[in-house]
Every structure is written in C-alpha cells, then in structure tokens.
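Peer 1: Return atomic coordinates for the entry below.
(2 chains)
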Amino acid sequence: MKITKNMKKLLYIFILLVVTFAGCTKFEELEKNPNLPSEVPPSLILPTVINGMVYYPWSAEQRWNQFWCSNYAYYDDQQYDWTSTSFNYSKLNDVKQMVAEAKRIGLPENNAYSALAKFFNAYYYVDMSMRLGDIPLSEAMQGIDNTKPKYDTQKAVFQQALVWLEESNSDLQKLIDANDNTLTSDFMLNNDLSKWQKVVNSYKLRVLITLSKKESDTDLNIKQQFSNVIGNPGKYPLMTSLDENLQFIFNNSTDKYPLNPDNYGFTATRNNMSATYLNTLVDLKDPRTFIVAEPAPAKIAGGLTPQDYEAYVGASSGESLDDMSTKMLNGEYSAINKDKYYGTYTGEPSIQIGYIEQCFNIAEAINRGWISGDAEDFYIKGIQASWTFHGADVAANWTEYYNQAAVNYKGNNADGLNQILIQKYLGFFQNSGWEAYYNNRRTGIPEFLTGPGTANSERIAKRWQYPNSERTTNLDNYNAALQSQYGSQNDDINSEMWVIK
Amino acid sequence: MYMRKTYTVLLMFLLIGISSFAQKMSVEGTVESTNGESLPGSTVMIKGTTTGSITDVKGHYSISAKSTDVLVFSFIGFESREIAVGAQSVINVILTESGQQIEGIIVTALGIEKQKSTIGYAISDVKGSEMIKAREPNAINALTGKVAGLVVGSSSEILGAPNVLLRGVTPLYVVNGVPVQSDTWNINPDDIESYTILKGPTAAALYGSRGQNGAIQITTKKGTSNKKDFTVDFNSSTMFEKGFLAIPKVQDEYGPGDHGRYAFVDGRGAGTNDGDYDVWGPKFEGQLIPQYDSPIDPETGERTATPWIARGKDNLKRFLETGLLSTNSIAIASNSEKYDLRFSASHSYQKGITPNTKLNMTNFNLTAGYNISKKLRIDANMAYSKQYTPNVPDVNYGPNSIIYNIIAWGGADWNIDDMRDYWQPGKEGVQSIYAEYQRYHNPYFMSYEWLRGHYKTDINGYVSTTYRFTNHLNLMARSAVTSYDLFRTEKMPFSAHPYGREEGLGDYREDKRSLFENNTDILLSYDQYIVPKLSVHASAGGNIRSFTYRSSYATTDYLNVPGWYNLSNSKNPVRSYNFYAPMTVLSGYGVADFTYNDFATLSLTGRWDKSSTMLAGHNTYFYPSISSSIEVSKLVTIPTVKSWKIRGSYANVGGALTTSMIGPTSDVLEYGGSYYSPYDGPSYINSATYGIGLIQGSPAASYTGTINNIDLKPRFSSQWEAGTDVSLLGNRLGFDFTYFSSIDGPDIFPLKVSNASGFNSVIENGLKYHRKGVEISANATPVYKPNGLKWDVSANYSTVHTYLKEIYPGVDKLNTYFKIGDRMDKIIGTDFVRNADGQIINDGSGRPIRNSVPQFLGNADADWVGAIRNTLTYKNLSLSFQIDGRFGGTILDYVEKKTFQGGRNIATVEGEMGIARANDVLGIKSYVGEGVVVSNGVAIEYDPDGKIINNDALEFAPNTTATYLQDYISRYYGTDNAVNMSRTFVKLREVVLSYNLPQSMLKKSFIQQASISFVGRNLLYFAENTDIDVEQYTGTDSYSGLQTPTTRRFGFNINLTF
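Peer 2: This next block holds a predicted model:
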C-alpha cells in the first residue's frame, strides 16, 4: 500500500486538529485549584478567629437566658428541649493555622498572633466544655494523625485553659514591653495588645468564678489564682471601664444590629420581654426598665403612664405560646423598646467579655471570702457601669435606687451574694452569650421560669448533647465520656456536669 | 521502532492475504418488511461498486459476490441495510420502514450502527418523529413513559430543568456519537432522527467516565434520509395551556392577621398585624377595618375603616393567563452521490401562564457529508441554539416567588385587579402598591418590574473524516466541540425586599458562565470475517478531552438611582467573584465484537484514562466491559417464536474528581433559587485550602474542614445486567426483560472524622451503593386487519432502588441515619412524640410534643414506574394516547404545610377546624387535638435517637385541653410528618389524533406528504393531594417546593414535506 495523496490530506487534517485543540498547558499544572489560596498571612485569619467568638444580642441564647421571649412559634420559641450542639474545633483549627502562618512569614516564636492564640484556645475550649462537659483536648487537633481523640475531663480542660491564660498574659506583656506592632486587622480592639491583655485577665476571673463549686479543689487552687490576679495589678492588668470591653460593634451595611428598621415588622410584636428579667427590674424600681422595654398597652389603657413601673410586664418564659401571643395582642405584655433597639442599624455594642461582669466577679470573690476587699464598692461599680451602658441617668436616680432595702448591699453573706448575682444577671442583658444561663445553672439565681412554653417536661436543661457526628465517628470515646460523667450512655440534657456539682 | 514497523507489515500482509483468498460465490435470499410482506423491486448492491440486482415479485434476489463484500439492501420508504457476505450463501433481509425502527439496526456508542440482535446490553430507541406533534417546551419531557427505566420528572416552570433519571441516575447526553453538555433545553426535537437510550455503563469505554450512568444518544437527521434530491420539511405546532391539573385550594373566608385581629397602618408592623402577617385574621363579614387602600382622613392622618370583604376571591386564577407554546421549523435536505446536506432552522416561543414570562429558542443546524473520493469522506455538523428571555419566574419559596405571595401568605382582602397599576402615585419607580410592605409583594409589580433575564448560546459541532483503506479497515479522525455561553441578569426594583434585602433599594446582578470542551478522537476500525462464520468488528482509538470553564458573578449592594440597572450604580461596594477551571483527559480505548454464525456475539471494551483532576501517580486508570448476546431462535426453532435473544453484560467504569453541574460563581443571594448548568469539570474537592469570606466588610480566610488525601485513587463502579427479548406471532407480540445490579463505588467521598481532630472529613476512597432494578417492556398488535385497521399497544414497567452497601472499614453508619443495608432514599424529618400505643402525646397547652430528634418518615423512591400507550390506525387516521405514572414513595408536601401554617388552606374553614377557627376569632379556645397527655406528672425521658425510654413510668389520659386552632396548626403543621403524602400519581400524558392527507390528493401538488394532528398533553392528573403536581420530584429530596400550578396543554400540529 502506498501513501496516497488522499492519505496525506487526511494526515494534514488530523495534525491540524490535534494542534488546534490539544492546547499547551502542562498536565500537572491542572491538578491545582486556581481559585483559592493555599497560603495566607495570619492577619487574614485573625478576623475569622475573633468573629467566631461573638455571641449576638437578641439571639436564642438570650431567650434561654430569659431576657426576652418569642410569642410566635412559627419563627421561634424558648424551649429547652435541646439536642446536640456544635464543637469549636474548626475554629480552633483556624487559631492553629493562624499561628502556623505567622511562623511561615518569619515572625518570632512569641508573636502577637501566638500570644492571642493561647487566649483563643482557652476561650474556645471553655466555651465548648460549658455546653457539654468533658471534651477531647490532649488528643484533639491532630488532623489525620488522630481522627478519634479521647475525651479529657472537664477539670483537665479548665486546668489547661488556666495555663493558657497565664501564658497568654505573660507573652502579651513581653510584646507590649517590646512595642510590638505586628498585629493587624483586629476589628475588635484595633490591634491594641494592652487591651487584649486586660481582656485575658478579666476572662480569667470569669473562668475562676465559674469554678466556684470547686473552691476547695487543691489541684485548681482557684482562690489563690484569683487573689494572684487581684493582688498584682502590674502583672495582671484588668479593665478599668466600659471602654475596655471586648465588644462587637455593628455597622449599617455588612454587620447590622440584629434588631433594626428592616425587621421591625417581622418581630416587634412577636417578641416580648421575659418576666425573669423585666419583672425583676420593675420590682427593684430600676430605671433600666424604661430604657429596655415599652409599657404594656393594656396598662396604659388602664390609666397608668409610661413612667409607672407597674405599667411594665414581662411574660413568663414558661408560658404556652398560644396564651403568650394572645395576651401580647391584648396588650398585656411589654414589648422591646422599639426606638432604642429597632431605630438604627448599629444598635449598641455587643459585649463579649466586659467590665460590668468583671466588677461583679470581683464582688462575688470578696463576698465568698476568696480575697479581701470591699464587695459593695465593686457591686455599686457594676450596677452603675450597666446603667451607663444602657444610658440610665446615674446622677439623677442613684441615691433613690440604692436606698431601697432590696438594692442596698447586705454584706458578705448569702443575701449579699444573692444581690450581687441578681445585679450581675441584670448586667448581662443581651450580652456575654450564655453567661446569664451559666450563672443560673451554677447558683440558681435568678430563678428561671418554666411551663409548657419551655418544654422538656418543664425542666431547664443542664447541658447539650454532643454533636451527632461523634456517634458515628468517635463512638467508643463518646460512650466512655458519657459513662464516666453521667453514669449512663444516654446523652441526657438534664444531667449535671462536673463544674456545677 | 523496529517492532512497530514489523506490526505494520504484518497487518498489511494479513489484510492483503484475506482479500486475496476471497472467492466469488452466489448469494441469494429474500427481502421482507417487518410485517413479513415481501418487497419486490428492492435493490441489492455490492457496496462501493455499481454491481447490483433487483428483487423479483416474491422479493427474491440472487447476486454473485465475494465473501469480503458488503451488500446494500434498499427500498423506497424503508431504511437501507448493509450486511457483510462472509461465508453466507443465503442472506434473508428484513427492512424496516423509515420512521419505524422496531427491529434491526440500532445506533450504539460513538454512532456505530449495530444489528440489534448482536447487542448484549439493554438499549431502547425512540423515533424523533414521535415527539414533534404533542410538543413539550423541553424536548426531553416528551420521553416520559416511552422507555422502561427512564424517568423524566418534567418541571412546570419555564426553563425548569426536568429531572431525568436513567436507572435512578443522571445520564450523559450524546449527539451523533459526541458527548455534549446539555441542559436539555438546547435539544431541538425537529432535528432529531432518533433517540437511543443506552441504559447501562457498557458504552462507557467509548464515552469515558461520563458514560457510567448510561446515555441518551441523539442521532440528528441527515441529508441522506430522503430519496428525492431536494426536500423541504415544515413542521408547525401551536399549543395552549389552560385548565389546572394541580393548584392549591385556599379559603377566601378569613383575611390576614393574627388570632382574628388586623388593622392597617403602614403595612410594616405599625398597625395590628399589618406586616409579615399570616392569614389568620378576621372573617370577611363587611365589618369596618382600616385597610391598605382605605382613605386617609386629612385631619387625623389616619385611615378611615372600610368594609372587610373578600374582594380577592380566586386571585391566583384571575392572575394567571393562558400559556402558549408555538414552534415552527423548516428543514431543507439534499443529497447526491458526492454529498448529503441538511439545513434546518426552528423557532420556539413559549409564553408562561404567569404574566410577562416567556422563553424564545432559536436553533440552526447544519449537517453535511462529502465524499472526496470513494475512500475519503468528510462529515460535519454544527448546531447553534440560542435561548433568550427577558424574564423567567423564580418560584422558589420566598418573597421572590409569586406563588409564595398569592397562595401561601396573601389574603383575599385585596383584589388582584387593583394591583395592575402598581406604582404609588408620585413615587413611580420607587415605591410599589400592595396590601403589605414588610415581606410580601404585589404580583403584577413582580411580573413587570422584577426581571430575571436568561441568555444562553450553545454551539455543538464536529468535523470528522473517514478514510476507508479497504472495505474492512477504516480510520476516522474527528474533532468535536461542545460549548455554551450563559448570561443571566436580575433586575430587582426599588421596594422589592426579599430575604436579606430588607432595605428595598433595588439590585442588579450578572452571572456569566462560559464552557468550552473539545473532544478529539482518532479511531481505527476493522470489520471482517476472520474465519468462516466468525466475524470481528474491532476498533482502537484515542481521545483528548480539553475542557475550560470560566465564570464570574457580580452584584450591586443596593442601588443609588432607581431603575438604572448597572453595576456602577451600586450604593455599597460591588461584590464580584470569578472562577476558572481547566481540565484535560487523555484516553486510549478499544472495542472488539466477535459474532459467530450470526447468532452469538461477544463484545469486549477497554479504556485507559489519564485525568488532570487526580494527583500524579493516581491519575491513570483502566476500565473494561464485556457483553454477550445469543439469538436462541437461530439455534432452535420454537413454534410461534419469531426471535428470542438472551443477553448479559458486565462493565466496570473508572472516574476522577469531577462534578456534573455547576451553579453561580458565588451564591451571595439569600433568596430564591440558584441556576445550575452542565459542567462535568473539576470538583477540586481534594485540593481544599482556605476559604475566603467577608467579615465586617473585609475579606477573611478560614481553613478548610477537609483533609486532602495525596493517595486518593480514582472512583469505580460496576454494573452487570442480564436480559432477554422475545418476539412472537410474527412480531405481533413482544417482551423485553432486563435485570441489572450496579455497585456504585468505591467512590470518592468525604469520610466523616471526629470534629475534635480539627477537621470534619477526609477525602477517601470508599462508600459503595448497591443499585438494582428490573425493566420490562411489552408490545402487542391485537388487531391488524387487511383493511388497514391496526391497534398497537405497548407498555413498560421499571423499578430501581439504591441501598447502602459499604462505607469504609470500621464505619457502619453514614450521616447518622443510614446503616449498611438501608435504602438511600429515606426521608428524615421531625415527628410527633407518641406513646407505646402510637397516640400523639400533647403538652400542657394541648398541643403535640414534637420530637427534637428527626425521625424516619418513609421512602422517597417510587416502588415502580409504568406507562401504557395505545395506537389505533385506520387508513390515514391514527389515534394514540398514553397513560403513565409512578407508584409508591412518600413526599413532604411543602405547599400543604405552608398553606396550613399561613391559615390559607381550605381545610381550616371546614368541619371541626372550621368551627374552631370561628371561635379563635372570638377569643375562645375550642380546638381539642387528638391524642393524650401525661397524667402522672412524670417527665418524658428520651435516648439520643429520640425514643422514649421511660414508657413504663408514664401514665396517659386523653387530651382535653382546648387551644386555638391557629396555635394548634402552628405546632402540628410545623412538624414534617403532618404533611407526609404519597408520591403516587397517574397522568393521561398525551392524546394525538393525526390525519395524513392521502397520496391521491397530493399527487398533483408539489407537496409530497402532509399531516395534521390535534394533540393534548397532561390532560388528567390523579394523586393523593392535587395542591401540587408531584411529577417533577423524582429525586430523594424529602420536601416538595413551591411550584407554578400545572395546566393542560391543547393544540394542533401541521407537518408538510415538499
């Protein structure tokens, strides 16, 4: 067979086709995803890490804190029929990557990112443990090397967290002393390491107070740790005013306040104040009443004025929603103050770790005898800071308010502690995430209301179930953790974890 | 080098040798039609020569030929057939009429034509001519019920993609042997000669991994199909959509509000329940209530109450219009010895039933073949398809949906006719008029101002050249392109405020996507009797698949100037995103068919792929198939059995990291649906790194939750099938039965790991599903009278279910709810807590307790799918009708759920509910729900699966606590299991009455053929609840969505050939 003219033609056509379409990109180059980065500077991860901490106001947690209620079941309720909650490990992985990326770009061993990472670690582990109990820590965060980490006890988690907080404080001190200015893109504290150091120490006080039921535990030694912080203000600087709060600021485009002009028509009448919070304010004739709530229309129609405390009524969080919604329609309950909370896109800052709480934590430690000092002073500072935060006029109202027997500090005794805890609860209104609930869980103060509206056979749940995925991915360790904590593998939301026993 | 030369020489010797051994001999036989009638005057030609013969009056012929020759049998009006002589001295041939390919030649993968009897796997064909009369807006919809194992869930929405499942999975689309990226809307039915459905993966060697799920192969019309040298075909069809098949039934007795109370102040919450309301308001009794259009008292500035009456009765029905579907096509075909040519143009216009919605589709198709010489031929095809519309509706649940606005949350307090003038006087372009301003929208305002444009151009085509070395050996080189350019826009006017856009300041968006794929093949084919009685057809080839996808998405963040839809008009910074995905796959493949004595065939295929989506070292993989068929009827003669074939096949298919569909580059919208287009490109799931999002308006990175796997291997799946088909009583009765069993896996999947590792999953090889099913089809001709009266009936039945077979070593549960052995179509959702006797347990408020752990509620898949079609023909008249349906399976009816929750469902005003509803308005709790309450004060304890663990400690008493109907329904219908309904449905799919003008009438005109048909589609629908049409829900999704009501379609069709 000769190569004919036609075959030549065919050959040309074929070569042309191959050349035209085969392209010339290197085959192996095509494996990579050209659309996402595989390396980023640590400053690009920091906002994710900080943002992950944030608890928003007017959220479900704030209903479980019994500050407010949904009366409209289609959108929400305040039921404690909890199931599983999520872990924080993916957030912790961002913390870990932030440290690794800081190292990659050549920052020294101790740098702003690594120092803050220790605080974030403590925060995220404690946050998880408070919802769940025991959690993996010593074997966690090892990626493919350990995909079934064992659980550590809640006590071990707290011990490690306290170590991290100690280290974070001293690492930050070194950086502050060296005028380190490598931190960027911190949208919460504007890259101010001194402010972060105060947050770390303030948070440490929260952690220690959380452990109040363990005050005799010699491994933890919490009284001593608390007193170390208070006794060495040079080494452990603390917040001195509301200006030093760790707080989330809302803006009018990308991060709007959860209540704003956009959603007034959705929620303004479908939510109302909870009696646990509002009725306490009313009982204490607290001017915050007029700031956070509106009077119940039926009371106004009945002749009361908006200046009468009696015109303000919160609903029991335990009330069935068929009753709560119709009573709200009848004007029997107080709505959220619409001018204050629905009037703007920026609302008010959302405190995550704040000065108000710090005051009450110190007052509580003094009341409990952990440290010496004037509990009443911190009690008053805490209340006044909260008033200031809400815009209540301290100068005009304080004397009258404080002269009431129910408000006037009753000393370092159970009654005084009760006052501190009540005021702390009032100070937590719509901020600091779960803290109001945790304090109630630890101390029983204030008493939370129950009924058909709170479900769970009218009990306040004590914890969440572990993430569902643990039952398929880490069953043996999961079962062992349940068994050792609660004496049963039934992941029960009504069981009591170590920290409150 | 030396070796290669030796092979070439060897091959040449072999070829030359074989041809030189061929001796001339006499071949004879008869030519018949499929009805068994002899065909006198048929031509029998030796291929490539001018030598030939003609059959006599009995259809008998004889010819002198060599064993290497190929005989070409042809007769006017019949498909011609080619048969290699081989060792046969008697060749009897059955020719099929054009347009009636019941038996005989079938187009298999790569466009290779095969004798149906030699195919060892399930394959069905449907003539294109069956599909162009009773038109569907989407060509693929017309395949519904035509093929056992093929399930088409037509969408009732304009441009809504049908859910097409072949054996439970999504098939590949192939046009003229070339895989194409098809959204199914770019298929023009007028150009289609036939659809061939390859049900299994056996063809995957030829199409690559994408053939794993079977293929819908389309063969377009070519210039050679008509004997006349120049023909013009004209087809015109006009259909109207009118009369509802499925539409929610709503009450028009109560208006919007809550617990019977409503008063309008600003429609944004300042009045009594005047914003984002439910339809649980006051009864329409003419009482005076301030309403959106009540006059404003100039002194007080407040609205003067006006009578509360049901002015909006039947708003939806009055809003919807008659739909129209009009298609016109013209095709010109010509051929000679040298060339064949066909050009067609068609246009389809669809007007939706919601106002101002439409879709235009224009298609051009050019097919040409040219014989450069007897040995060299060039074929080319170019198909251009354009879809364009300024507005298609978005019915997905939310304020973007007209259905949401009218049916679920709109009351009868406003009249749809009052909404036509939709701008507020003095605020034109800025503020629309409606009865509410927080969440809902005026339907006419949405229809005429909130526009979603869609512009897509598909270009598919190929150039192919074949060189015939000898009659037995040829080489084909082909380069094919499949590409699309998509441009979608959304213009959202001021005062529209869907989810997440509550400021209502308008928006403009652009979604651009462009896909280009080239497949270049070279294929050497050999076809010969290697020894007497044993023929071989073997091909070997290579393929380069070059793929590029680019997309971008940009949106304003509110607008500055109302009505100016441009990205530069953004109030806040524009958000824009882009994506680029290149890919190359190199392949080598081979097929070999061995046929012994014309009754036993063995086919082998194999393919190697090298894919750029896998990491080096694991990017090359091989997959084979084997199939066999035996024509038993040629071995033994069984009375009345005309033909009987048994067949079996096995195929294993490899694949890499690709994903079949792709959505917008970024899904920043919080409302509405996302449009997905065909992709088949890199998934990048094993190259996860950082994700980038916005925090406080600035970019921020978060690390992947997925652990990449450098040892990841390609995925594989394998399927075997066995089947038989039998034809009895001279083709008057036929059955086809297939059983298949597919092991889908080991796949590539994200294996969940404890989140405490810092990650959620690791990409692994594993996860196997077992998919199996049965397909049966039957056809019969109970009546066939000499006077021309004929009754044909065909029916099909199929079933398919998927089971979890294997996950990963040491893992026995997938996503909490799936154990090994479980069906994969389980519906999981919220359920009521029930006592041991199955009674609903209520709480202290008299309302059901909802289980906080989701429960198993039923299976989604149909138990079986079936269709039956009857055709009656008498002389020039024919009547056909098809009934089909799917049987079994459950679905959660979202429309039912939302109409109950919203207080709009008609059942809320009927019976006991109706009485309680009247009491609600009066402030009287009177509804006592079914079930019990815990009577001994013991708390209910649950295990982590939500099962009660202290049943023995609980005592129950009947529930006697009355509550408001509204609150009862809110809890009851807030629970998924309340709206659990059967997926079973039956449709009278199509009725076609056709009249072919008799030849005697046309004889003297220039018209060759003419027919007119009266057609109806989707005429009747039967289902448990007709508030939705369940047909489109073919998948395993638990919930239906919202949908535009479905309608009947009537019309007529004219078909002319000049």
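
Peer 1: Figure out the helix or strand that residue 125 lives in.
Peer 2: Here I'm looking at chain A. Using DSSP states H and E, A:Y125 maps to helix A:112-132.

Peer 1: That was the other one, I meant chain B.
Peer 2: Per DSSP H and E: B:D125 is located in strand B:123-127.

Peer 1: Repeat that for B:A333.
Peer 2: strand B:323-335.

Peer 1: The helix or strand that that strand is followed by: partners in the sheet, and parallel or antiparallel?
Peer 2: As assigned by DSSP H and E, the chain's next helix or strand after strand B:323-335 is strand B:339-351. Note on strand B:339-351: by DSSP bridges, its sheet partners are strand B:323-335 (antiparallel), strand B:358-371 (antiparallel).

Peer 1: ok, back up a step: and the strand holding B:A333, how far out from the chain's middle?
Peer 2: 23 Å (C-alpha atoms, centre = their mean, to the nearest Å).

Peer 1: With stretch A:191-210 instead?
Peer 2: The gap between where stretch A:191-210 is centred and where its chain is centred comes out at 14 Å by C-alpha atoms, centre = their mean.

Peer 1: buried set for that stretch?
Peer 2: A:191, A:193, A:195-210 (16 or more other C-beta atoms under 10 Å in any protein chain shown). C-beta: built from backbone N, CA, C; applies to glycine.

Peer 1: ok, the helix or strand B:S535 falls within: who's next to it in the sheet?
Peer 2: Using DSSP H and E, B:S535 sits in strand B:534-559. Note on strand B:534-559: by DSSP bridges, its sheet partners are strand B:505-531 (antiparallel), strand B:570-596 (antiparallel).

Peer 1: Which of these has the highest mean neighbour count?
Peer 2: Compared across those, strand B:505-531 shows the largest average neighbour count, a mean of 20 (mean count of other C-beta atoms under 10 Å in any protein chain shown).

Peer 1: before we move on, back to that, give the next helix or strand downstream of the strand holding B:D125.
Peer 2: Next along from strand B:123-127, by DSSP H and E: strand B:150-153.

Peer 1: Contacts made by that following strand with the rest, please.
Peer 2: B:124, B:140-141, B:143-144, B:162-166, B:168, B:197, B:199, B:216, B:798, B:862, B:865, B:886, B:1031-1035 (C-beta atoms under 8 Å, 6 or more residues apart in numbering or on different chains).

Peer 1: Can you select the buried ones from these in PyMOL?
Peer 2: Selection of buried members from the contacts of strand B:150-153 for PyMOL, criterion 16+ other C-beta under 10 Å:
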select buried, chain B and resi 124+140+141+143+144+162+163+164+165+166+168+197+199+216+798+862+865+886+1031+1032+1033+1034
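
Peer 1: Where strands are concerned, which of the contacts of strand B:150-153 count?
Peer 2: In this view, the contacts of strand B:150-153 that belong to strands under DSSP state E are B:S124, B:N163, B:V164, B:L165, B:L166, B:I197, B:I216, B:S798, B:V865, B:R886.

Peer 1: And the residue nearest to A:Y401 when sequence neighbours are not counted, what's its pLDDT?
Peer 2: By the measure of C-beta to C-beta, 6 or more residues apart in numbering or on different chains, the closest residue to A:Y401 outside its immediate chain neighbours is A:V407, 5.9 Å from it. A:V407 is assigned 97 on the pLDDT scale.

Peer 1: how much space between A:V407 and chain B?
Peer 2: Look at A:V407 and chain B: by C-beta to the nearest C-beta, to the nearest Å, they are 36 Å apart.

Peer 1: Then A:S484?
Peer 2: Counting by C-beta to the nearest C-beta, the gap from A:S484 to chain B is 17 Å.

Peer 1: could you check the angle helix A:112-132 makes with whichever helix or strand that residue is part of?
Peer 2: If you go by DSSP H and E, A:S484 is part of helix A:475-486. Counting by axes from the mean of the first three to the mean of the last three C-alpha atoms, to 10 degrees, helix A:475-486 lies at 70 degrees to helix A:112-132.

Peer 1: check contacts around B:S628.
Peer 2: So B:S628 contacts B:G120, B:A600, B:T601, B:L602, B:S603, B:R647, B:G648, B:S649 (C-beta under 8 Å, 6+ apart).

Peer 1: Could you pull up phi and psi at A:F27?
Peer 2: Per-residue torsions, A:F27: phi -60, psi -50 (degrees, to the nearest 10).

Peer 1: okay, the closest residue in space to B:E253 that isn't next to it in sequence: pLDDT?
Peer 2: Excluding its sequence neighbours, the residue lying closest to B:E253 (C-beta to C-beta, 6+ apart) is B:V909, at 5.0 Å. Reported pLDDT at B:V909 in the predicted model: 97.

Peer 1: Pairing partners for the strand holding B:D125, with directions?
Peer 2: Strand B:123-127 pairs in its sheet with strand B:192-198 (antiparallel), by DSSP bridges.

Peer 1: related to what we said a few turns ago, mind listing what's buried in the strand holding B:A333?
Peer 2: Buried residues in strand B:323-335, counted by 16+ other C-beta under 10 Å: B:G323, B:L324, B:L325, B:S326, B:T327, B:N328, B:S329, B:I330, B:A331, B:A333, B:S334, B:N335.

Peer 1: any idea how far B:T830 is from B:T873?
Peer 2: Distance, B:T873 to B:T830, by C-beta to C-beta, to the nearest Å: 54 Å.

Peer 1: tell me, how many neighbours does residue 47 end up with?
Peer 2: All of this refers to chain A. Applying other C-beta atoms under 10 Å in any protein chain shown, we find 23 residues neighbouring A:P47.

Peer 1: Wait, chain B was what I had in mind.
Peer 2: Using other C-beta under 10 Å, B:K47 has 14 other residues around it.

Peer 1: For it, give its distance to chain A.
Peer 2: 19 Å.

Peer 1: which residue packs closest to that residue, ignoring adjacent ones?
Peer 2: Spatial nearest neighbour of B:K47, excluding adjacent residues (C-beta to C-beta, 6+ apart): B:V70 at 4.0 Å.
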